[in-house]
Structure formats: structure tokens, C-alpha cells
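> coords please:
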Amino acid sequence: MKTKTILMATTIAAIGGTAFAEDYVIGVMSAQSGYLAPYDGPAYAGFKFCIDEMNAAGGLNGTTPVKLIVKDTRSDIALGVQVVQEMLDDGAQFIVSSADADPTIAAAQITAADMIPTMTFAGTAPVLTQVGPHVFGSYPADNQQATVLAGYARDQGFERVWLVKSPDSAYTLGGPEYFGEAFSALGGTVVGESNFSLNQPDFSAIVTTIQNADPAPDVIVTWAWEPDFPAFIRALRGAGLDTQVMGGDALDTPTVRGLGDVVAGVAHSSGGFPDEGSAYADFVDRFTAATGTAPDNNYYVNGCDIAHMIEQAVAAAGTTDPAAVSEAMAGIENGQGIMSNFTFAETDRMPLRDVVVVTITADGQKRFAKRETADPAILPQP
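Predicted structure coming up:
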């Protein structure tokens, strides 16, 4: 489904506005505490900001007001399942789920009965869409991020990688494995792997293993998030190892950037960068002016892009019927986003989007390094 089709559908919807007389009810799972709060919080803030902008102009496509039902999951999967059912009982026609694969998969099993479209705030494990045709990602998937990050590593001359992963989450397990596969396809070598448990306080054993490795890695890759990444990088640097470290988009937080010298030079994948004069930079300006808070990671703008994804799917469907909206979303090609454009057509409903690689500076800033769409020829499959 081409962009021109979306725009045409938008025009039709605007002309025939009476077809969308009632509110479109969107249920939002937003963890306000726990391990998902650093991601769900900004994503919801950006989402609500752009929904509010749309409602001020008449709603989606200027014709369909949006009503939000927002419930706190406290980063608990069982509670997430409960609140999703409550939102469905309250009439939700679309569910935006937390920023991780595991709670999204659990939610999607509940929404499957009525095929309610379910989209994650920023879950990036590509397995999450396997629940059914009503499930969608929004952020570049881990295999896309890993492919671009592996290319960046090879461009920098790195040849030997050590993977640090956790089987406790699809995200923390899959990201490094995808990186290893892409890195090997590009001529690099995986020289070792270590496993950790989520919320593991002590990484000294893993650091010692890496320290004694022969051959020694010249780059270490992990998809660890908070609080595990801060614990790991402090242990690594505390042991005197200055090996290059790279990671996934979960490192795009002010907490990680605020670690100072221990994260200087760390590279990670992400979904965008607010280049001067870009639509992203304009979003940052609008959001800052309206809220007094300057967005400091990509989850804010991706939340806004979710609002635009929903708007374009409803326009293309010509109705708010859940099954029709899911079908229309799955057909979008080169949809207009702010962080980047997005394509669902001919994918597994994890959108094909640009991946950006950045490095962290000692003073807590992000420095742009690379922007690229993953090469399908070496893209690891879930």
C-alpha cells in the first residue's frame, strides 16, 4: 500500500467525516514503575502529546476524536494482562502495549480473540509479532539494529566479538545473537559468550572470563538494560578493561549517559537522531515548548510516531473496525514518520525503519555515527 494510497484515503475520510462520528478508543499499557518505566514513560509522553495535537485539530485525520484509557502495569506481566482485559471491557479498539516483547506477547494473547490491533511502545524482539496478524512493532527490530551495528563495528575495524546476553528476556537474549550472526556474515568472529541473569548485581565473574579470554575480543556486545548495564560497565572498567562496548537501543537513556567516563565511547543502536531542520528536531521544539521538558531519548518521538501509524492505518482502512485497521496497518509502505519513515508491507509487521548508531560522550551527550537501513541480504531471521 503506497503512501499515495494512504493520502488518498485520508482525503476520502476527511470528505466523508460522518463515517467517524464516535471516539476511537485506544487502551495504553504504561509502566510507571519497574524496569520498563524508563522506556514506557517517555514513549507515553510523546504519544499523548501527539494525540492531543490531533484531537485539537479534530482527531485522527481531522475527523475521529481519540479517547485514551491509560493503565499502569508496574512492569508486571500478570498485571499487564489484567489491565488489557479491563481496557477491552471498557471498549478499547486498539491497544498500545509496553516497550518490551514479553508483556506485549502476553497482551496480544488476550487481544487475539477479537483481533484488536496491538502495537508495542518499543518492544524490538521480532518474535513478538508471531502471536498473530494483529500484532505490530513500532521501533526498528533487534535484528535490524544488530545488522546495522555489526556493519558499524566492522567499519571500525573490529574483528573479534564477545557476546554478553541474558536468556531471561527475548530482548537481552536475541539482540546479541543477531549481532553475532550479522557480524560473522560480514567476516567477523564470535570468540566467546557469557550469560547473566536480569537484575544481577555482580558481573565480576563475567569480567574475569573476558579478561582471561584467548584470543581476546576487541569489542563486547550486550543488549543489557538498566540496572544490569550500569553494573556491567562499571565492573568492566573497574577491572582495567578498556575494550570497546556496543549495545542496543536500551542504552538510550539519561541514566546510562549519566554514568560519566565509564561509558565514554560506548556505541549503541537506536531509531533516530534530531538533525537540525528535521521533522524530529521540530518535534523536540514543540514538545519542549508545550511541556517544559526536552525529550532526551528516542522513545518520546517514537511514541508520537505510533500516533501517526494509527492515524494512517485508520485513514487507509476507511473505518475504525479492528480487523480492517490491522489489515491496513500491515499494508503501509513508506508511511510518514517523524523519527523516520516506516514500512510494514511485506514484513513480519516489525516495521522496516532506519537505524541510527550513536556514541556516548563523557559529558553525557550523544554523538551521531551512522544512519542506515538494514541490508536484507544479511538480516538474521527470528
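> for residue 315, see how far away residue 328 is.
8 Å (CB to CB, to the nearest Å). In this view, the C-beta of every residue, glycine as well, is placed from N, C-alpha and C.
> could you do residue 234 as well?
Taking CB to CB, one finds residue 234 at 48 Å from residue 315.
> my guess is residue 310 meets residue 60, correct?
Yes - Residue 310 sits in contact with residue 60 when judged by CB atoms under 8 Å, with a separation of 6.9 Å.
> what's the distance between the residue nearest the centre of the chain and residue 297?
Nearest to the mean C-alpha position of the chain, by CA atoms, centre = their mean, lies residue 122 at 2.9 Å. Distance of residue 122 to residue 297, given as CB to CB: 10 Å.
> now swap in residue 133 and tell me
Counting by CB to CB - residue 133 and residue 297 are separated by 30 Å.
> more neighbours: which of residue 234 and residue 315?
Neighbours were counted for residue 234 and for residue 315 using other CB atoms under 10 Å; residue 315 has more, 25 against 15.
> is that one in a helix, a strand, or coil?
Three-state call for residue 315 (DSSP: H, G, I helix; E, B strand; the rest coil): helix.
> hmm, it is touching residue 60, no?
Yes - the criterion here is CB under 8 Å, and residue 315 meets it with residue 60 at 7.4 Å.
> please enumerate the strands of the stretch 251-382 of the chain.
267-270, 355-360, 366-372 (DSSP state E, counting those that start in this stretch).
> helices or strands up against the last one?
When contacts are defined as 3 or more CB pairs under 8 Å, 6 or more residues apart in numbering; DSSP states H and E, strand 366-372 sits against helix 142-155, strand 355-360.
> in CSV: those, plus distance to residue 248, mean pLDDT and mean neighbour count.
Below are the helices and strands packed on strand 366-372 laid out as CSV (distance: least, CB to CB, whole Å; pLDDT from 0 to 100; neighbours: other CB atoms under 10 Å):
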stretch, distance to residue 248, mean pLDDT, mean neighbour count
helix 142-155, 6, 98, 26
strand 355-360, 10, 98, 24
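> turn these into TSV, including distance to residue 128.
Output for the helices and strands packed on strand 366-372, formatted as TSV (distance: least, CB to CB, whole Å):
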stretch	distance to residue 128
helix 142-155	10
strand 355-360	18
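> residue 291: which of these is closest?
Set against residue 291 and scored by CB to CB, those come closest in strand 355-360, at 23.7 Å.
> next, count neighbours for residue 198.
By other CB under 10 Å, the residues close to residue 198 number 14.
> that one and residue 170 touch, don't they?
No - counting by CB under 8 Å, residue 198 does not reach residue 170; the two are 11.9 Å apart.
> any stretches of the stretch 201-350 of the chain with poor pLDDT?
Within the stretch 201-350 of the chain, not a single segment meets pLDDT under 70.
> what ranges do the helices span in it?
Using DSSP state H, counting those that start in this stretch, the helices of the stretch 201-350 of the chain run over residues 204-211, 228-238, 254-257, 279-291, 298-317, 322-330.
> then the shortest one to CSV, C-alphas only?
In other words, helix 254-257. Provided in CSV are the C-alpha atoms of helix 254-257 (Å, rounded to 0.1, in the frame of the first residue of the first chain):
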residue,chain,number,x,y,z
PRO,A,254,19.8,9.7,30.6
THR,A,255,20.8,7.2,33.4
VAL,A,256,23.2,5.4,31.1
ARG,A,257,24.6,8.6,29.6
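> just checking, what packs against that helix?
Under the contact definition 3+ CB pairs under 8 Å, 6+ apart, helix 254-257 sits against helix 228-238.
> give me the buried positions along the helix it packs on.
Under the neighbour-count criterion of 16 or more other CB atoms under 10 Å, helix 228-238 has 228-233, 235-237 buried.
> and residue 52, which of the three is it?
Going by three-state DSSP: residue 52 is helix.
> neighbours of it, how many?
14.
> and it, how far from residue 271?
Counting by CB to CB - residue 52 and residue 271 are separated by 22 Å.
> show me how the record splits this protein into domains.
What automatic domain parsing lists as the domains of the chain is 3-140+275-348, 142-270+356-372.
> for stretch 325-334, which positions count as buried?
Of all the residues in stretch 325-334, those buried under the rule 16+ other CB under 10 Å are 325-333.
> oh, I was asking about stretch 132-142
134-142.
> please save the CA atoms from that stretch in CSV.
Extracted C-alpha coordinates of stretch 132-142, given in CSV (Å, rounded to 0.1, in the frame of the first residue of the first chain):
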residue,chain,number,x,y,z
GLY,A,132,-0.9,-13.2,15.3
PRO,A,133,-1.6,-10.8,12.4
HIS,A,134,-3.0,-8.2,14.8
VAL,A,135,0.4,-7.6,16.5
PHE,A,136,2.8,-4.9,15.4
GLY,A,137,6.2,-3.4,16.4
SER,A,138,6.9,0.3,16.1
TYR,A,139,10.6,0.6,16.6
PRO,A,140,13.4,-0.9,14.4
ALA,A,141,13.6,-4.6,15.4
ASP,A,142,16.6,-6.1,17.2
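> so how far is that stretch from its chain's centroid?
From the chain centre to the centre of stretch 132-142 is a distance of 9 Å (CA atoms, centre = their mean, to the nearest Å).
> do stretch 199-207 as well
26 Å.
> contacts for it next, please.
35, 164, 194, 196, 227-228, 231-232, 235-236, 239, 241 (CB atoms under 8 Å, 6 or more residues apart in numbering).
> output these as CSV; include the columns distance to residue 174.
Output for those, formatted as CSV (distance: CB to CB, whole Å):
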residue, distance to residue 174
35, 17
164, 13
194, 16
196, 15
227, 20
228, 16
231, 21
232, 18
235, 23
236, 22
239, 27
241, 25
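> just the closest of the residues you listed to residue 355, please.
Of all the contacts of stretch 199-207, residue 355 sits closest to residue 164, with 20.5 Å by CB to CB.
> assign the closest one to helix, strand or coil.
The three-state assignment at residue 164 reads strand, by three-state DSSP.
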